[in-house]
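In: Mind folding the following:
(chains A and B)
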There are 2 protein chains.
Amino acid sequence: MKIAIIFGGSSFEHEISIVSAITLKGGLKKHTPVFIFVDSSRNFYLIESGNMKSKFFSSKDYLKKGKKLNLVKGGFEAPGMFGAKKVDFDVALNLIHGRDGEDGKMAALLEFFGVKYISPRVEASVLSYNKLYTKLLAESLNIKTIPYEVLNRGESREITLDFPVIIKPVRLGSSIGVSVVKSKEELDYALDVAFEFDDQVLVESFIEGIKEYNQAGALGKDWILSIIEEPQKEEFLDFDKKYMDFARDSRVSEANISEELKEKIRNSFKKIYDPLFRGAVIRCDFFVLENEVYLNEINPIPGSMANYLFDDFDKVLSEVATNLPKEKKIKIDYLYINSIQKAKGKA
Amino acid sequence: MKIAIIFGGSSFEHEISIVSAITLKGGLKKHTPVFIFVDSSRNFYLIESGNMKSKFFSSKDYLKKGKKLNLVKGGFEAPGMFGAKKVDFDVALNLIHGRDGEDGKMAALLEFFGVKYISPRVEASVLSYNKLYTKLLAESLNIKTIPYEVLNRGESREITLDFPVIIKPVRLGSSIGVSVVKSKEELDYALDVAFEFDDQVLVESFIEGIKEYNQAGALGKDWILSIIEEPQKEEFLDFDKKYMDFARDSRVSEANISEELKEKIRNSFKKIYDPLFRGAVIRCDFFVLENEVYLNEINPIPGSMANYLFDDFDKVLSEVATNLPKEKKIKIDYLYINSIQKAKGKA
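Out: A predicted model of the protein is given here:
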């Protein structure tokens, strides 16, 4: 299968997405990747596989050596002297992290232009990109989350949760703008940092030593769930460490937990995934406290698609690509307008 | 101001949107409308103002007489022998009802391509297009809603609410697929109808004789709120009646309620609107029961923009257009990739 990997974007995670695409290239054994880069001005470029090195982008070589593309009905095409040439691929894969990719914009573009694509759809993107809406979604599915409050830029900074707390801009991934605050004195600075990135900030209880487990997966014809990983981490991942996480490609070992707890985690994952995330490969990060599963966050487009969590990642993509959600066909017959016209004696 | 009114779309409400655009044309006194039609195949056409008659679309005259457009960086252009010609306008106005317009896709397109636009943004669209997410949003803002349950296609149809109930597909507007169910015997048929349009259905308590009040508005430099209307209706509006509602252009009279209740309605509207709906003119439909305000639904793109609820609708549009939310500028400097390169000795 030819898979068009769309990466880059006007996003704080633009560079992460480049690293993620390069890593994913190494993770595909059977499929052939086609690389479509979205630069910071949101122009599309076709990138030859041999040029998939980070320096090709940071040096802006892509401006000269990449082929500029237009998004058109059914795909992308390169304009040329003798007519436009369509880029050949079977399915697109949205690998833009953060804005443009995870906020629903890329899904909307691909859906509107009728391009087959692997990605969370618009609704799923919006609900998982925003950490407050993720909480509301989890609550509606009866999945527990950690106690939280929301602060708005320019409004009161009074919080009622006990310290320590963790501060997160509501709309970013990759730990950007996130900090752990141990006392009231540190709060203002952490909020200043977080408000640099968003107008709304989530304040959550920070629970020392809480166990975290990651479950990735997708629904093809059947469920394909990854192993459950217990990420190795310090107090929590800072941006640099998390960044490197996007470049991971080696297999990880499975968390050493009871089968019963694994089943709880898998069931929570399935509840969240189906039907909202059909068409996507996502990773959910859970906390476990006293044998209860809490949703920490949903990664709608995990770094390098969390390929390292699966035994046969090519198969995951094939399965998802052949079971994509289909847009409802809407027949527009103008019956209504015709009937009005008739009533008015104009038809 | 030149306002590009984008209407049509691949939507069950395609025809409604045409009627809405024709009506809005009559509602603009000072601004000049430019009409951009999205046909059922999602092609864009520039429509001359003189051709804005419903028959022009139902007869498919637009295929011959409309000018086909491409969505490009910063706007729309008509390709031509001597180069492409940009369509001239100051701001776009998203008037696509239902899918493509209210589900966030048009907002995503315009945002991505850097076109200034009046419309709910992607997040606001997703939360208001889906009646379940509207409930979650209202709850998170401490605004009451009517008791409800959610049913999924193919799953149990047991409900615990007492009859009568009202059945609504979660994702459609304009009363399509909606019915009032008075007894258990009628439930199956009503659900069959609703599931024709969506995979998820909302079941709400139907409260006989509940009062409904509509408040439209927007935030420009200051709040611009419409009069509060008490819609005249029978048991509830069916599709035909609601359809005609989109063609309304005459001024309506204000609801005869206490100033205190009006203030409650206005405050609920403001809570919902700000900051999520900045950049849009929306209408919220509220119920009032024992002097308490309940959110019924949010119309993110009301029929003909609810222009009939405002004294000076041109001013509403000017105010919103000059106070649109600005996208955060993200500078991509490749500092990170450069530092990795350096560390590897490759820079």
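In: all contacts plus neighbour counts: C-alpha atoms, from now on.
Out: OK.
In: how close does A:Phe89 sit to B:Phe277?
Out: 37 Å (CA to CA, to the nearest Å).
In: Report the buried residues of stretch A:71-89.
Out: For stretch A:71-89, a neighbour-count test (16 or more other CA atoms under 10 Å in any protein chain shown) marks A:71-72, A:75-78, A:86-87, A:89 as buried.
In: cool, and stretch A:328-337?
Out: A:332, A:334, A:337.
In: Which ones, among those, also lie beside chain B?
Out: When the buried residues of stretch A:328-337 are checked against chain B using CA under 8 Å from any CA of the partner chain, the ones in range are A:332, A:334, A:337.
In: Sitting in helices, which of those residues do you find?
Out: In helices, judged by DSSP state H, the following of those are found: A:Ile337.
In: and of the ones next to chain B among the buried residues of stretch A:328-337, the nearest to A:Ile18?
Out: Proximity of those to A:Ile18 (CA to CA) peaks at A:Ile332, which lies at 41.4 Å.
In: need the contact list for the closest one.
Out: A:Ile332 makes contact with B:12, B:14, B:40 under the criterion CA atoms under 8 Å, 6 or more residues apart in numbering or on different chains.
In: still on that earlier bit, just put the ones next to chain B among the buried residues of stretch A:328-337 in CSV and tack on pLDDT.
Out: Shown next, in CSV, are these (pLDDT from 0 to 100):
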residue, pLDDT
A:Ile332, 95
A:Tyr334, 94
A:Ile337, 89
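In: Among the buried residues of stretch A:71-89, which ones are in strands?
Out: Assigned to strands by DSSP state E, the following of these qualify: A:71-72, A:75-78, A:86.
In: Break chain A into its domains for me.
Out: What automatic domain parsing lists as the domains of chain A is A:2-119, A:127-144+A:208-321, A:147-205.
In: any weak-confidence spans in chain A?
Out: Within chain A, the segments meeting pLDDT under 70 span A:173-174, A:233-251, A:345-347.
In: ok, A:Glu229 touching A:Ile257?
Out: No - look at A:Glu229 against A:Ile257 with CA atoms under 8 Å: they stay out of range, at 10.0 Å.
In: So which of the domains of chain A is nearest chain B?
Out: Each of the domains of chain A has some distance to chain B by CA to the nearest CA; the shortest is domain A:2-119, at 4.8 Å.
In: how about that closest one, does it reach chain B?
Out: Yes - applying CA under 8 Å from any CA, one finds domain A:2-119 in contact with chain B at A:10-12, A:14-15, A:40, A:42, A:54-55, A:58, A:100, A:104-106, A:108-109, A:112-113.
In: okay, the contacts of A:Ile332 in CSV with neighbour count and secondary structure next?
Out: Output for these, formatted as CSV (neighbours: other CA atoms under 10 Å in any protein chain shown; DSSP: H, G, I helix; E, B strand; the rest coil):
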residue, neighbour count, secondary structure
B:Phe12, 22, coil
B:His14, 27, helix
B:Ser40, 17, coil
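In: can I get those in TSV with distance to A:Asp192?
Out: Converted to TSV, those look like this (distance: CA to CA, whole Å):
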residue	distance to A:Asp192
B:Phe12	45
B:His14	45
B:Ser40	47
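In: May I see the residues you listed organised as a markdown table, with distance to chain A added?
Out: Shown next, in a markdown table, are the contacts of A:Ile332 (distance: CA to the nearest CA, whole Å):
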| residue | distance to chain A |
| --- | --- |
| B:Phe12 | 6 |
| B:His14 | 7 |
| B:Ser40 | 7 |
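In: Spatially nearest residue to A:Asn299 (excluding sequence neighbours)?
Out: Using CA to CA, 6 or more residues apart in numbering or on different chains and skipping residues adjacent in sequence, the residue nearest A:Asn299 is A:Arg283, 5.1 Å away.
In: Verify the contact between that neighbour and A:Tyr213 for me.
Out: No - at 10.2 Å, A:Arg283 does not count as touching A:Tyr213 under the criterion of CA under 8 Å.
In: Which residue ranges of the stretch 201-347 of chain A form helices?
Out: With DSSP state H, counting those that start in this stretch as the criterion, the stretch 201-347 of chain A has helices at A:239-245, A:259-273, A:313-321, A:335-343.
In: how about the residue nearest to A:Glu196 when sequence neighbours are not counted, secondary structure?
Out: Distance criterion CA to CA, 6+ apart; nearest residue to A:Glu196, sequence neighbours excluded, is A:Gly177 at 7.6 Å. Following DSSP: H, G, I helix; E, B strand; the rest coil, the label given to A:Gly177 is coil.
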